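>>> pasting a predicted model and its sequence here:
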Amino acid sequence: MYEIDSIGPVARISFARGKARNAIPIDQWDALREAVETVGASDARVLILRSTTRNIFCAGADIGDLSSLQERPAERSRLRHLMHGAIEALAALPIATIAAIDGGCYGAGVAIALACDIRIAGAKAAFGITPARIGILYPTTDTARLKRLVGEGQAARLLYSAMTVDGAEALAMGLVEQATRDAESAAMALAEQIAANAPASIKGLKRIIAGAEDGGQMFDDAFGGTDFAEGAAAFRERRKPEFRQ
Amino acid sequence: MYEIDSIGPVARISFARGKARNAIPIDQWDALREAVETVGASDARVLILRSTTRNIFCAGADIGDLSSLQERPAERSRLRHLMHGAIEALAALPIATIAAIDGGCYGAGVAIALACDIRIAGAKAAFGITPARIGILYPTTDTARLKRLVGEGQAARLLYSAMTVDGAEALAMGLVEQATRDAESAAMALAEQIAANAPASIKGLKRIIAGAEDGGQMFDDAFGGTDFAEGAAAFRERRKPEFRQ
Amino acid sequence: MYEIDSIGPVARISFARGKARNAIPIDQWDALREAVETVGASDARVLILRSTTRNIFCAGADIGDLSSLQERPAERSRLRHLMHGAIEALAALPIATIAAIDGGCYGAGVAIALACDIRIAGAKAAFGITPARIGILYPTTDTARLKRLVGEGQAARLLYSAMTVDGAEALAMGLVEQATRDAESAAMALAEQIAANAPASIKGLKRIIAGAEDGGQMFDDAFGGTDFAEGAAAFRERRKPEFRQ
């Protein structure tokens, strides 16, 4: 249910299970993890997560599928670990990751978007975090990410009510970093801007944003790297730098 | 100075000391704690905190009353513990809590609003955190909540200047989650939306938002609960779920 | 390259190296630290950080200067410690600090603004965090401040793309606390409002915002202080308090 392709230095993983509104069955979480790892092993500089289907990004976990967990307790932690494995693989990618959301994004679909570095909402974007509608919960790491981005108050409002918000409201509360008409085009433009910058900087900055403890040493070492050699040369020669990976 | 009533599954605690702009004397903090505990012992699914008085939510601590603390050091920590007891009881309620603020909300009144899960500002809302005007401080837990919602910069701006902001600016900085014309109606609409969702989800999500360490086990266990049994049955039968507490 | 003056209780440190767009050479970080310490030793109640040059606040570190670090590894940690010394001295000042930004603010210039309590953007303000353009990184403490103010998502967007945002967008994402036409006038008006409040409150609130562990004792003690004596007297006598430092 995932397609991988690339446009120059930009890799794309696309949800492609349109008939089920890109809902993710229990047994498709591992394929998401594998798709992410495939991108991680490539020389892509940026990953865009998107959908091939109009008006839907990802409907979240497949609810029909979840019913089986009532009678099979052992499956519950299996689901949790599969979700966690895919979502944390995405969060751990050492390149920039952008979710281009131009349709419905619900439940675990929001958790996937939250694990990207940057979220861009399009005109058709709609966000809802819906476990309270059916009596289940939301994973702790995903709730923690939500809380860090929108604050405890908006996290409570979204989770308790299961309300749907559009791109403009999502931007206002910090659930997305950009709201625009066409999320795909904006994501590609941003990806190209990022891909033109120094890969070693993106990789290091991502670790520093995540709270790396050796940030001081990393800061010092960057001045001895090949990316800064090119950056400094370009500055002296008054030209644009061209970074290689 | 507090009135308790309920409308269906929604309990309300109303500030009702309009002649003193709902300022809270030292000896009324414990009554607030008791009102909160009364709601906690009821079968209410949502609590709305509001005022019976037009144009004022809560003026904060009673300043005339505070003067006595100059000469009586032992009373200082007593006040602090009484405030803390009431405010933390509110924060610890295992149901959704909403502050409907449609008038002035100052000093400790803001601390009370901050201890609710969600804050809704009406057209008459005005917020000010004013200890710097009279030479006192703001409690650490309340300042920490303020900082988490609005960030260190806006916390400093509000606290150092003691400025007043309206609902729109409060929303923009994250001090409230919703700004609207009529805070009471919006709070009731939101409360009904929340009350229609699974009570076990709200209770669990509140613990997870607060950072519960056993969130993984809670997540798994929810699939075995009566709320999910109803949620899954309703999904299969294509009807709205009806959750019981 | 720094000028210090004062207007009543408000001290000002002004970037004054307009010919180099207020870029900071390695050997000028210590002078910034000393300027901050000079203000700290004065009886100023508020510090405004500004520029004497139209259209530029601070271009950040001097890039020509940084090239020397390629060949001189020992200079790298020296630069890092000099930056850290100046920026943390600013953050540690026990009075209110306001950055009035009415022009370009780039790279380490943003780190300086982030170390102030409050940031005000004017009509000409433009913010960019640009290490990824030349292959270097951003210090950990400055990145942590950025993340706390704008969230991880906007921090990643700004740092990875090195994009420039104006005052309105900076306000929307929480990078500044106020956006207005004239940042200088707004900063002075805010400074005067703060300077009229109790100095002991500002000092204590700043420590509490920073997470002081003895906030409870500080809260109690404030009721015995001279500032509250004046505040309570003014309240009784229905006049404006006049606080002395």
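That came through fine.
>>> at which residues are the helices of chain A located?
Assigned by DSSP state H, the helices in chain A fall at A:29-41, A:63-66, A:73-92, A:108-114, A:140-161, A:167-173, A:183-195, A:199-209, A:215-222, A:226-236.
>>> out of these, deepest packed?
Highest mean neighbour count among the helices of chain A (mean count of other C-beta atoms under 10 Å in any protein chain shown): helix A:108-114, with a mean of 27. Bear in mind the C-beta positions are built from the backbone N, C-alpha and C, glycine included.
>>> and that helix, what does it pack against?
strand A:55-58, helix A:73-92, strand A:96-101, helix A:140-161 (3 or more C-beta pairs under 8 Å, 6 or more residues apart in numbering or on different chains; DSSP states H and E).
>>> relative to residue C:18, which of the helices of chain A is closest?
helix A:226-236 (20.6 Å; C-beta to C-beta).
>>> could you dump that closest one to CSV, C-alpha only?
The C-alpha coordinates for helix A:226-236 follow below in CSV (Å, rounded to 0.1, in the frame of the first residue of the first chain):
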residue,chain,number,x,y,z
THR,A,226,33.8,19.0,3.5
ASP,A,227,30.5,20.9,3.5
PHE,A,228,32.0,23.9,5.3
ALA,A,229,35.0,23.7,3.0
GLU,A,230,32.6,24.2,0.1
GLY,A,231,30.5,26.7,1.9
ALA,A,232,33.5,28.9,2.8
ALA,A,233,34.9,28.6,-0.7
ALA,A,234,31.6,29.6,-2.2
PHE,A,235,31.4,32.6,0.2
ARG,A,236,34.9,33.7,-0.8
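>>> show me how far that helix is from its chain's centre.
Mean-position distance between helix A:226-236 and its chain equals 31 Å (C-alpha atoms, centre = their mean, to the nearest Å).
>>> now the one helix or strand in chain A whose mean pLDDT sits lowest, how far from the chain's geometric center?
When the helices and strands of chain A are scored by mean pLDDT, DSSP states H and E, helix A:63-66 comes last with a mean of 88. Distance, stretch centre to chain centre, for helix A:63-66: 23 Å (C-alpha atoms, centre = their mean).
>>> residues in contact with it?
A:23, A:25, A:26, A:79, A:134, A:136, B:223, B:232, B:235, B:236 (C-beta atoms under 8 Å, 6 or more residues apart in numbering or on different chains).
>>> look at the first one and say how many residues are nearby.
Under the neighbour criterion other C-beta atoms under 10 Å in any protein chain shown, residue A:23 is assigned a count of 23.
>>> ok, it to chain B distance?
12 Å (C-beta to the nearest C-beta, to the nearest Å).
>>> what residue ranges in chain A score low on pLDDT?
Applying pLDDT under 70 to chain A picks out residues A:245.
>>> how does it divide into domains?
A:2-194, A:198-236 (automatic domain parsing).
>>> doesn't residue A:35 make contact with residue A:4?
Yes - between residue A:4 and residue A:35 there is a contact under C-beta atoms under 8 Å: 5.6 Å.
>>> shared neighbours of the two, anything?
residue A:13.
>>> which residues of chain A lie near chain B?
A:63-64, A:66-67, A:69-70, A:73, A:76-77, A:80, A:131-140, A:143-144, A:147, A:151-157, A:159-163, A:172-173 (C-beta under 8 Å from any C-beta of the partner chain).
>>> 6 Å instead, please
Contact residues, chain A versus chain B (C-beta under 6 Å from any C-beta of the partner chain): A:63, A:67, A:69, A:76-77, A:80, A:131-137, A:139-140, A:143, A:151-157, A:159-162.
>>> contacting residues around stretch A:203-217?
For stretch A:203-217, the external contacting residues (C-beta atoms under 6 Å, 6 or more residues apart in numbering or on different chains) are A:94, A:218, C:137, C:140, C:143, C:152, C:155, C:156, C:159.
>>> how about a cut-off of 7 Å?
A:94, A:117, A:218, A:222, C:80, C:132, C:137-138, C:140, C:143, C:147, C:152, C:155-156, C:159-160 (C-beta atoms under 7 Å, 6 or more residues apart in numbering or on different chains).
>>> what does stretch A:162-169 give?
By C-beta under 7 Å, 6+ apart, stretch A:162-169 touches A:121-123, A:125-130, A:132-133, A:176, A:179, B:193, B:197.
>>> endpoints of it, how far apart?
15 Å (C-alpha to C-alpha, to the nearest Å).
>>> not counting sequence-adjacent ones, nearest residue to residue A:109?
In this structure, residue A:109 finds its nearest non-sequential neighbour in residue A:58, 3.2 Å apart by C-beta to C-beta, 6 or more residues apart in numbering or on different chains.
>>> what's the answer for residue A:135, then?
That would be residue B:227: by C-beta to C-beta, 6+ apart, it lies 3.0 Å from residue A:135.
>>> residues contacting the one you found?
By C-beta under 7 Å, 6+ apart, the neighbours of residue B:227 are A:135, B:198, B:199, B:200, B:201, B:243.
>>> contact residues of chain A facing chain C?
Proximity of chain A to chain C, by C-beta under 7 Å from any C-beta of the partner chain, involves residues A:96, A:117-119, A:148-149, A:174, A:177, A:190, A:193-194, A:197-198, A:200-202, A:204-205, A:208-209, A:215-216, A:218-220, A:222-225, A:227-232, A:235-236, A:241, A:243.
>>> starting at the chain centroid, how far to stretch A:20-38?
13 Å.
>>> isn't residue A:93 right next to residue A:38, touching?
No - assessed by C-beta atoms under 7 Å, residue A:93 is found out of contact with residue A:38, at 10.9 Å.
>>> would you list the phi and psi of the residue most central in space within chain A?
In chain A, the C-alpha nearest the mean C-alpha coordinate belongs to residue A:116, at 2.2 Å (C-alpha atoms, centre = their mean). Per-residue torsions, residue A:116: phi -80, psi 160 (degrees, to the nearest 10).
>>> that one and residue A:59, how far apart?
Applying C-beta to C-beta, to the nearest Å, the value for residue A:116 to residue A:59 is 17 Å.
>>> how many neighbours does residue A:5 have?
With other C-beta under 10 Å as criterion, residue A:5 counts 9.
>>> correction: the previous question concerned residue A:119.
31.
>>> contact partners for it?
A:99, A:101, A:113, A:176, A:177, C:153.
>>> and these, which two are furthest apart?
A:101 and C:153 (12.6 Å).
>>> if we can go back for a sec, let's have the domains of chain A in a markdown table, adding distance to residue B:52.
Output for the domains of chain A, formatted as a markdown table (distance: least, C-beta to C-beta, whole Å):
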| stretch | distance to residue B:52 |
| --- | --- |
| domain A:2-194 | 24 |
| domain A:198-236 | 47 |
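>>> OK, contacts around residue A:176?
For residue A:176, the contacting residues are A:119, A:120, A:121, A:167, A:170, by C-beta under 7 Å, 6+ apart.
>>> and of those, the nearest to chain B?
residue A:170 (13.2 Å; C-beta to the nearest C-beta).
>>> pretty sure the closest one contacts residue A:126?
No - taking contacts as C-beta under 7 Å, residue A:170 lies outside contact range of residue A:126: 8.9 Å.
>>> and residue A:124, how many neighbours?
The number of residues packed near residue A:124 is 18, by other C-beta under 10 Å.
>>> does it touch residue A:53 like I think?
No - under the criterion of C-beta under 7 Å, residue A:124 makes no contact with residue A:53, lying 11.0 Å away.
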